[in-house]
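[1] How does the following fold in three dimensions:
(2 chains)
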Amino acid sequence: MTKTFRMNEAQPRLLDETGQGIVGAPLDRPEGPKKVSGRAHYAADGLPEGAAQGVLVRATIARGRITGIDEDSVSGLEGVIGVFHGPEFLRNPAQGMAGEAPVQPGGEVHYHGQPIALVVAESFEAARDAAQRLVVTYEAEAGVVTDPARSEELEQDDPETAGDFEAAFAAAEVTLDRSYTTPAQAAAAMEPHAALAEWEGDELTLRGALQMLRFNKEELADSLGIPAEKVRILAPYVGGGFGSKLGIGPEAVAAALASRTLGRPVRVVMTRQTVFDAVLRRTETSQRLRLGADRDGRLRALSHDDRVSNIQGEGFAEPVSQASQFLYGAEGLSFAQTLARVSRTPAGSVRAPGEAVGMLALEQAMDELAEMLEMCPVALRLKNLPEKNPMTGQPFSATRLGDCLREGAERFGWDARKPMGSRREGEWYVGMGMASAARSNMLVKSAARVRLSGEGAVVETDMTDIGTGTYAILGQIAAEMLGLPVEKVEVRLGDTSFPGASGSGGSFGANSAGSATFLAAKAIRETLAGRMGCGLSELTLQEGIARGGNREVPLAELIEEELVEEASVEAGDTSESHFSSGFGAHFAEVAVHAYTGEVRVRRMLGVMAMGRILNEKTARSQALGGMIWGLGAALTEEMAHDPRTGHVVSRDLANYHVPAHADVPGDMTVVFLEERDDMANPIQTKGIGELGISGAGAAILNAVRNACGARVYDMPATPDRVIAAMEAAGF
Amino acid sequence: MPIAQAHATFKQESHMRTRFTVNGEAREVEHDTRTTLLDALRDQLGLTGTKKGCDHGQCGACTVLLNGKRVNSCLCLAAMHEGDEVTTIEGLGSPEALNALQKAFVAKDGYQCGFCTPGQIVSATAMLEELRAGDPSFASASLEGEMPLDDAEIAERMSGNLCRCSAYPLIREAIAMAAEVKS
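    Numbers count the residues shown, from 1 in each chain, chains lettered A, B, ... in the order given. Next comes the predicted model:
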């Protein structure tokens, strides 16, 4: 029976006492040699003998009903095996942690680009050809709303409030009221969504590009109407996720259906265009920030309202004001959200849902408030550090926001920042900007198994490594706990036959799967202490040697047969009693071309406090990646829709501009401040993957303002918008 | 004409054989006339290290060396490469015997998910040769003379290889590290 540990109180900092120095060390990823030599196998890698290939067909109307799928239109083509469609087909991928099938629309079309059929052929070329030729007839609905701004189908709850915002705002000495927009964005992971399905009798094995296997297994089984025990999902390597692979997707269900009928393996890989059309996007937002402050910079009133969109039937609404609700606090707080229903590619979680777009607005508003107060932007933030979560009254479990701000300003050379528009180098204006960062932290139910034998240890969990460093950190935790060199620990991931983990998402993977691994290894330590005849606290395990009770024994001698422990962890009382969040501060220096409005980021610094760092190298990579996502959101990324049909116009990587090498400066620094979050989980960690984005884009946009006067309210700050804003500012 | 017979005719017309050298070995593939070099490598020869990220020459994940020069293999038809020499990521090193660039990517953490990584490494291999040969880039101060191996040059020359994990600064540190080791 697996022990489930509930996080009800602070736990001893055992990883600070084990003394091996493995946890936290900047070790190379163990799977690195496979990845850099092309031997790591992703979902679409390798075509088994006899496999057929499928290509998804997309709907070409915004909304309506399919009246016919003319299989004869392609049946004469060489190599075509069949056309599949039906009630099991998914409209869109499941939302994260759904654990059940997403909408299965039958013969209905709910958005332009919805996958409606799968053409299977002997070759990819034949399947692609047939998918393009397949004749589909529709009965299109009239008057479909494809533009969220025009939607009248609105959902709005009462605002979330604390204190009396209106009164505090009215009484404030200085007030600011600004509106911002951000466009829809795409996760655009480099690996397109892919599935390879194979049946043995009534048992399905699916190799997939998925982030949360414990949930995906349930979602796939529910979609197909079969018991979850009949489904095994494998995803040992995933080519990036960023939220886009949280839930089971149309490609997986379509591959499974076709494979079951044909009695042979079927591989379905989404084209890049289908990834844009049919994978959950980040909603566009319109946001309104109202800040009221005293002359000395003390915030009195803070309101952050937003409007987002999603298709009918999806519960997800981007939590835009999530960080605004606890970052600063004021006497009067108010947060209202409006969700507009629209016939467009459905919206869901994309890296740092909420903060990624909400912080662009909040932190630009704070910058503008600092200007109005003639105050240093760092000082304004330092003046408004809350002692508790201002909405809930919960104490923070650990916060070093003030230290991040001060340390960042010092390291960045913030003192050298010049008045707006006064630093010019040839044709370039140069400026500096900064912003705070926050991302709330979670612990999600997670299990792991650890095996220890004379040969070394093995960690097994269905957790995924989507580039985040899971292979590295779980190996480090087990090695640290069991007194082994890290090379003696093998980490096996991405297989639903292993204990079910949280999956990768919401920056909770390392906390959750890491804690489960820690607890399983701790149970093994207890057994070893018993065999040594000493108490658990006396036991020392280092470099394969056990010490305790005045004895020193090689670890291998204590293990006659393999020791196996499975442990499970879940959130408990501390998640109610305390509020846990990562905090940080971003600093950016940019150059803005005086005549073209082109923005070049010259350098960035992120100082972050995110609990115990498990691997300084992979953590830094995560933080850097997040900061570059911030750069993309600020300057380049914009998903454009055709207003007539709602279809995604920028549906490839030439039209949707993710940052490229040339957009990203080499001078990017990440500093982690030492921290332990005792209330977060048994290993005192916090999530890392999303904090790096939070505020990073705002720091860049605030630097643009400092450089050349341009304040861009409609993001991204492309050259046309920057030039217009410069002119508006009189530059 | 009955469909089965039409298929037989079509098959003859739509399939062909191409011989080329891959990672130093002579290989022959029978393929559809529409098959890209990328798909021939991945699905026919099982060299799946070369990745398909967009199939449109926009991401660089499919970069291979074609007669020593880097190309997007998704934009090459297999049929066009009779007699050519192709080098893929598998030809640069194995997990047990990584080359200098591959080692540098591991040491610098110049990757995260690893999907764009083979393309980055193959592209960097050719890019360093282009630099040594004195090929100028948009970032070069002059069209002639020795090209410096600085970050701006590497960034410009590697911009055909996207990395959504955004390991960019570390990828460039890895390339610079490997180039120093080699020189």
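[2] can you count the residues close to residue 27?
    No chain was given, so I picked chain A. Neighbours of residue A:27 under the rule other CB atoms under 10 Å in any protein chain shown: 23. For the C-beta atoms, the positions are set from N, CA and C on the backbone; glycine is no exception.
[3] sorry, should have said chain B
    Residue neighbour count, defined by other CB under 10 Å, stands at 16 for residue B:27.
[4] need the contact list for it.
    Residue B:27 sits next to B:19-21, B:45 when contact means CB atoms under 8 Å, 6 or more residues apart in numbering or on different chains.
[5] likewise residue A:648?
    By CB under 8 Å, 6+ apart, the contact set of residue A:648 is A:113, A:276-277, A:281, A:345, A:639-642.
[6] Residue B:142 now?
    Contacts of residue B:142 (CB under 8 Å, 6+ apart): residue B:136.
[7] Distance check, it against chain A.
    Distance, residue B:142 to chain A, using CB to the nearest CB, to the nearest Å: 18 Å.
[8] Report pLDDT for residue B:183.
    What the model reports as pLDDT for residue B:183 is 59.
[9] which ones are touching residue A:240?
    Going by CB under 8 Å, 6+ apart, residue A:240 touches A:187, A:189-191, A:466-467, B:112-113, B:115, B:164-165.
[10] One more: residue A:560?
    Contacts of residue A:560 by CB under 8 Å, 6+ apart: none found.
[11] related to what we said a few turns ago, highest neighbour count among the contacts of residue A:240?
    Neighbour max across the contacts of residue A:240 (other CB under 10 Å) = residue A:467, 33 neighbours.
[12] Check that residue and give its pLDDT.
    Note on residue A:467: pLDDT of 98.
[13] returning to that earlier point: most neighbours among the contacts of residue B:27, which one?
    Among the contacts of residue B:27, residue B:20 has the most neighbours (other CB under 10 Å), with 21 neighbours.
[14] follow-up on the earlier one: list the ones among the contacts of residue B:27 that fall in strands.
    With DSSP state E as the criterion, strands contain B:19-21 from among the contacts of residue B:27.
[15] need the residues you listed in JSON lines with pLDDT and distance to chain A, can you?
    As requested, the ones in strands among the contacts of residue B:27 are exported to JSON lines (pLDDT from 0 to 100; distance: CB to the nearest CB, whole Å):
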{"residue": "B:19", "pLDDT": "98", "distance to chain A": "20"}
{"residue": "B:20", "pLDDT": "98", "distance to chain A": "18"}
{"residue": "B:21", "pLDDT": "98", "distance to chain A": "18"}
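[16] Just the closest of these to residue A:129, please.
    Using CB to CB, residue B:20 is the member of the ones in strands among the contacts of residue B:27 that lies nearest residue A:129, at 24.7 Å.
[17] That closest one against residue B:87, yeah?
    No: here residue B:20 lies out of contact with residue B:87, judged by CB atoms under 8 Å, at a distance of 11.1 Å.
[18] Can stretch A:204-221 be said to contact chain B?
    No: Stretch A:204-221 lies apart from chain B when judged by CB under 8 Å from any CB of the partner chain; the minimum separation is 9.6 Å.
[19] Just to be sure, residue A:368 is in a helix?
    Yes: judged by DSSP: H, G, I helix; E, B strand; the rest coil, residue A:368 forms part of a helix.
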